[in-house]
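Mind looking at a prediction? Sequence and model below.
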Amino acid sequence: MRGLVATLVLLGSFATAHAAPLCASPSSPGEQAGSSAIAFTLVHADGTPIGSDTAWQPLGGTIRFTLRGAPLAQSGVSTQVCFRYAGQQFAAAMRVTLDNTNTADGSSSYSAVMPATLGTRAQPAGLLADAAQMRVVVADRDNKVLADVTTPIGITSVSSALLLAVLVTLGASAVVWKIASALNVPGSGLLKVISTRGGFASLSQLQVVLWTFVIGAGAVYVISISGSLIDISNGTLVLLGIAGVSTAASKLQNAQTSPTPAAQAAPVQQKPDAPADLGAEATDTEVALAWSAATTGGPVRAWLVQYQPAGTNPEAWRTVTQTDLRPRCRVLNLEPAAHYDFRVTPRNEFGDGTALTVKDVVTAASAVPANAPGRVVGLALRGPPQVGGLPLSWSPVVGAQCYLVQRRAHGGDGTWQPCGTTTATALLVAGEVPGASHVDLQVAAQSGEITGRCSAVLTVRPLRRPRWTDLLVTPGDTSEVDVTRMQMLLFTVITALFVAMKIVVTTTIPEIPQGFLLLMGISNGIYLTAKFIPD
């Protein structure tokens, strides 16, 4: 009989030990009365109080809170946590962990992991969060309730947060792409966003865009999950700063024109001396000028090139260019069999140097075959330059059967190359010429085998088609891969993937390890150093 009683006592104690936690049972006024003995506070991941806001977490997420009060110092005190949708039964937390205890103020910090499911919702699910409740029961070793607190929380949806982050990212991308399209930036897709005005895909701009969208989408995702504004870690701010400085420095370098040998000389406080050996080669409508910079005097920062009909008033000089650093220039659209004077003036920050003039240069007579069609006039762009070409139009010529369109690199020594014929007075021609930022265009009318006089030359800056290879080679040099660009691109992608994975897994903007920051700083520094140091 005694054995049977002992067995029943053991079974009763076993059942008591494995009974549902107190927090899963209905609360009573008596249990709530004990709550004043222990202070309860919901906190963020960093330990700061949430205050009047609602704690948001997805199912399976972690809710953090602190308890403060003298009863916590008793031996055998336990803390139990349960969750439920409003109006449903409580379900025990998957795990409750005591994170730390502060003996100075008698507080203890806890982390409670919500169950993976809470059953059926009492109300239709919200777009981003469902109303729920969290219950915390503190009991002594005899299961006497010392505190019983129920507080509202929000159950967020990981899928909804991801969807919102994706929608925000796509929306921002569409806006940026639309603006780039309105500005006629060359390229397609992402290349349109990271391309420079010269039509080159920029590695530094790719870095800024990549970090902006990774951190921006991550912030939207984390805010949607946590329901509150988040603190951006110092490491993330440093990364954004590194990317911004690299872009600014890269733009500064790109804005600097490649100096001539004279411009590389040590600066002196004087004007440049006059150039030497000014020569001129004339055709019927053009004169090609070439000269040499003086080896004495101040450095030349630009050349002022001017011309006028020979023997006219000195005030009639017409400016061809005043910003070019190259010691050569082609003067276009002159009259055949005419006399012209030309002069070249060196310039720097201290003023204009002495000009060198060549006088009475005679253009050749125009050799137009008999019965040739008239000269084409009105050559112009009928729209902005496109990545696919240059839309040209001109006025019709009486007797013309077709029109020959030609192009060449502007300012170079190249010859005219045909780029299309048409019977219409409009044509879309390819604009890019390797190694040239501008192209010259002209049109001539044809009748049978006879070609008329060419139109006035139209000089246009075409849009270059950006290429992904631009990220790995120096603009204008496709002979080798720039290893500094390869290093920067590789480390940027690796670090961005690390941050993106941490955001998804931890639902927080991570603190970037010091090693990664040092790595990014070194790779960006080497990249910028290589841009400013010539080969």
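All right, it came through fine. Numbers count the residues shown, from 1 in each chain.

three-state assignment of Ala400?
When classified by DSSP: H, G, I helix; E, B strand; the rest coil, Ala400 comes out as coil.

Could you do Ala161 as well?
Following three-state DSSP, we place Ala161 in the helix state.

Convert the C-alpha atoms of stretch 162-182 to PDB, please.
Coordinates of each C-alpha in stretch 162-182 appear next as PDB, following Å, rounded to 0.1, in the frame of the first residue of the first chain:
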ATOM      1  CA  LEU A 162      10.900  41.100 -48.400                       C
ATOM      2  CA  LEU A 163       8.200  42.100 -50.900                       C
ATOM      3  CA  LEU A 164       8.100  45.600 -49.600                       C
ATOM      4  CA  ALA A 165      11.900  45.900 -49.800                       C
ATOM      5  CA  VAL A 166      11.800  44.600 -53.300                       C
ATOM      6  CA  LEU A 167       9.000  46.900 -54.400                       C
ATOM      7  CA  VAL A 168      10.800  50.000 -52.900                       C
ATOM      8  CA  THR A 169      14.100  49.000 -54.600                       C
ATOM      9  CA  LEU A 170      12.300  48.500 -57.900                       C
ATOM     10  CA  GLY A 171      10.500  51.700 -57.600                       C
ATOM     11  CA  ALA A 172      13.600  53.700 -56.700                       C
ATOM     12  CA  SER A 173      15.400  52.000 -59.600                       C
ATOM     13  CA  ALA A 174      12.600  52.900 -62.000                       C
ATOM     14  CA  VAL A 175      12.700  56.600 -60.900                       C
ATOM     15  CA  VAL A 176      16.500  56.800 -61.300                       C
ATOM     16  CA  TRP A 177      16.400  55.000 -64.700                       C
ATOM     17  CA  LYS A 178      13.600  57.400 -65.800                       C
ATOM     18  CA  ILE A 179      15.600  60.400 -64.800                       C
ATOM     19  CA  ALA A 180      18.700  59.000 -66.600                       C
ATOM     20  CA  SER A 181      16.600  58.400 -69.700                       C
ATOM     21  CA  ALA A 182      15.200  61.900 -69.600                       C
END
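
So for that stretch, what gets flagged as buried?
Neighbour-count burial for stretch 162-182, with 16 or more other Cβ atoms under 10 Å as criterion, is recorded at Leu162, Leu164, Ala165, Val168, Thr169, Val176, Trp177, Ala180. In this view, the C-beta of every residue, glycine as well, is placed from N, C-alpha and C.

how much distance is there from whatever helix or strand Val137 lives in to the middle of the chain?
If you go by DSSP states H and E, Val137 is part of strand 129-139. Distance, stretch centre to chain centre, for strand 129-139: 43 Å (Cα atoms, centre = their mean, to the nearest Å).

list the buried ones in the helix or strand just after it?
Tracing the chain C-terminally past strand 129-139 and defining elements by DSSP H and E, one meets strand 145-156 next. Neighbour-count burial for strand 145-156, counted by 16+ other Cβ under 10 Å, picks out Val145, Leu146, Ala147, Asp148, Val149, Thr150, Thr151, Ile153, Gly154, Ile155, Thr156.

same thing with stretch 276-295?
Residues of stretch 276-295 classed as buried: Leu278, Ala280, Ala282, Asp284, Thr285, Glu286, Val287, Leu289, Ala290, Trp291, Ala293, Ala294 (neighbour count, 16+ other Cβ under 10 Å).

Filter these down to the ones in strands?
Counting by DSSP state E, these place Leu278, Ala280, Ala282, Val287, Leu289, Ala290, Trp291 in strands.

how about those, which pair is most distant?
Greatest spacing in those, by Cβ to Cβ: Ala282 and Trp291 (15.6 Å).

Is the residue nearest the centre of the chain in a helix, a strand, or coil?
By Cα atoms, centre = their mean, the chain has its centre lying nearest to Val209, at 2.1 Å. At Val209 the chain is in helix, as set by three-state DSSP.

buried ones in the helix or strand harbouring Phe213?
Using DSSP H and E, the element containing Phe213 is helix 203-226. In terms of neighbour count (16+ other Cβ under 10 Å), helix 203-226 has its buried residues at 203-211, 213-215, 217-226.

on that earlier part again, may I see the buried residues of stretch 162-182 arranged in JSON lines, with pLDDT and distance to Gln270 as well?
Below are the buried residues of stretch 162-182 laid out as JSON lines (pLDDT from 0 to 100; distance: Cβ to Cβ, whole Å):
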{"residue": "Leu162", "pLDDT": "83", "distance to Gln270": "66"}
{"residue": "Leu164", "pLDDT": "84", "distance to Gln270": "64"}
{"residue": "Ala165", "pLDDT": "83", "distance to Gln270": "61"}
{"residue": "Val168", "pLDDT": "85", "distance to Gln270": "58"}
{"residue": "Thr169", "pLDDT": "84", "distance to Gln270": "56"}
{"residue": "Val176", "pLDDT": "78", "distance to Gln270": "48"}
{"residue": "Trp177", "pLDDT": "80", "distance to Gln270": "50"}
{"residue": "Ala180", "pLDDT": "75", "distance to Gln270": "45"}
